[in-house]
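J.: missing the sequence, but the structure's below:
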């Protein structure tokens, strides 16, 4: 199994509070991604990174920011959590931007109350 | 813009029979890759199979095969000899090359295998 660890695995937070999710990899893969999964929508890309300090927006980036200061860590921050951000969040990594599949973390279930 | 459509929210199949899960895609690029992932009830995402847009042969991986029809922009997953353990959500995904940082996913199909 690819070495990807997401933390925390579960979190309940209040509306308006900041939340940071962490993705840690031990594979030294260049590309890292954050997705959210919601019923009826599949997985939607929030942000991605193509190297240290190199990040860009995905299709649902509003309300989220990311940082990547080291190859192995990719952080997703909800600056001020809203109930619409209740979701399951997946981190993924891939070795290249070519054909290789992305490997996924176990997911983080976030509930905003 | 990229788009993946999976029109079957849920499907039933009898154990040991074959089943086809539909996937259509939209892209203006000539170079792209198509992927299928399985998500069992435990929640992890499991890579199943890959098809490149220039591959002339349909991809196969064990009981999984990808019926790639480029002109129709379809990439259906065929599972032969279904097993109870195949009950799961299945996602079709696409990545465009070059600059293929983004992999986009369809909404998924939930497959139920009946004993």
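T.: Cool, got the structure. Just so you know, these numbers come straight off a predicted model, no measurement behind them.
J.: from here on, contacts and neighbour counts on C-alpha atoms
T.: Noted.
J.: Residue B:18 contacts residue B:86, correct?
T.: No: at 11.2 Å, residue B:18 and residue B:86 do not qualify as touching, with contact defined as Cα atoms under 8 Å.
J.: How about the residues of chain A by chain B?
T.: Selection of chain A residues close to chain B by Cα under 8 Å from any Cα of the partner chain yields A:31, A:39-45, A:48, A:50, A:58, A:97-99, A:101-107.
J.: ok, 10 Å please
T.: A:31-33, A:35, A:37-45, A:47-50, A:56-59, A:88, A:90, A:92, A:94, A:96-107 (Cα under 10 Å from any Cα of the partner chain).
J.: Select only the buried ones of the residues you listed in PyMOL?
T.: A single PyMOL command selects the buried members of the residues of chain A next to chain B (16 or more other Cα atoms under 10 Å in any protein chain shown):
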select buried, chain A and resi 31+32+33+35+37+42+43+44+45+47+48+49+50+56+57+58+88+90+92+94+97+98+99+101+102+103+104+105+106+107
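J.: mind listing the strands for the chain?
T.: All of this is about chain A. Taking DSSP state E as the criterion, chain A carries its strands at A:4-7, A:10-13, A:19-25, A:31-38, A:42-51, A:54-57, A:64-70, A:73-78, A:87-94, A:103-104, A:108-112.
J.: look at chain B instead
T.: Using DSSP E, the strands of chain B run over B:3-5, B:10-14, B:19-21, B:24-26, B:32-39, B:46-52, B:60-61, B:64-69, B:74-79, B:88-96, B:103-105, B:109-114.
J.: I'd like those strands written out as CSV, with mean pLDDT, distance to residue A:75 and mean neighbour count added.
T.: Output for the strands of chain B, formatted as CSV (pLDDT from 0 to 100; distance: least, Cα to Cα, whole Å; neighbours: other Cα atoms under 10 Å in any protein chain shown):
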stretch, mean pLDDT, distance to residue A:75, mean neighbour count
strand B:3-5, 92, 27, 18
strand B:10-14, 96, 34, 15
strand B:19-21, 98, 34, 20
strand B:24-26, 95, 31, 18
strand B:32-39, 94, 24, 22
strand B:46-52, 93, 23, 20
strand B:60-61, 96, 34, 14
strand B:64-69, 97, 35, 20
strand B:74-79, 98, 33, 21
strand B:88-96, 92, 23, 26
strand B:103-105, 85, 19, 24
strand B:109-114, 97, 30, 20
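J.: Let's have the ones you listed in CSV, adding distance to residue A:71.
T.: CSV is the format used below for the strands of chain B (distance: least, Cα to Cα, whole Å):
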stretch, distance to residue A:71
strand B:3-5, 30
strand B:10-14, 39
strand B:19-21, 37
strand B:24-26, 32
strand B:32-39, 25
strand B:46-52, 23
strand B:60-61, 32
strand B:64-69, 34
strand B:74-79, 34
strand B:88-96, 22
strand B:103-105, 20
strand B:109-114, 34
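J.: Turn these into TSV, columns for distance to chain A.
T.: Compiled in TSV, the strands of chain B are given as follows (distance: least, Cα to the nearest Cα, whole Å):
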stretch	distance to chain A
strand B:3-5	10
strand B:10-14	11
strand B:19-21	15
strand B:24-26	14
strand B:32-39	6
strand B:46-52	7
strand B:60-61	14
strand B:64-69	15
strand B:74-79	15
strand B:88-96	7
strand B:103-105	6
strand B:109-114	9
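J.: residue in chain B nearest to chain A?
T.: residue B:107 (3.8 Å; Cα to the nearest Cα).
J.: List the contacts of that residue.
T.: Counting by Cα atoms under 10 Å, 6 or more residues apart in numbering or on different chains, residue B:107 touches A:37-44, B:4-9, B:89-93.
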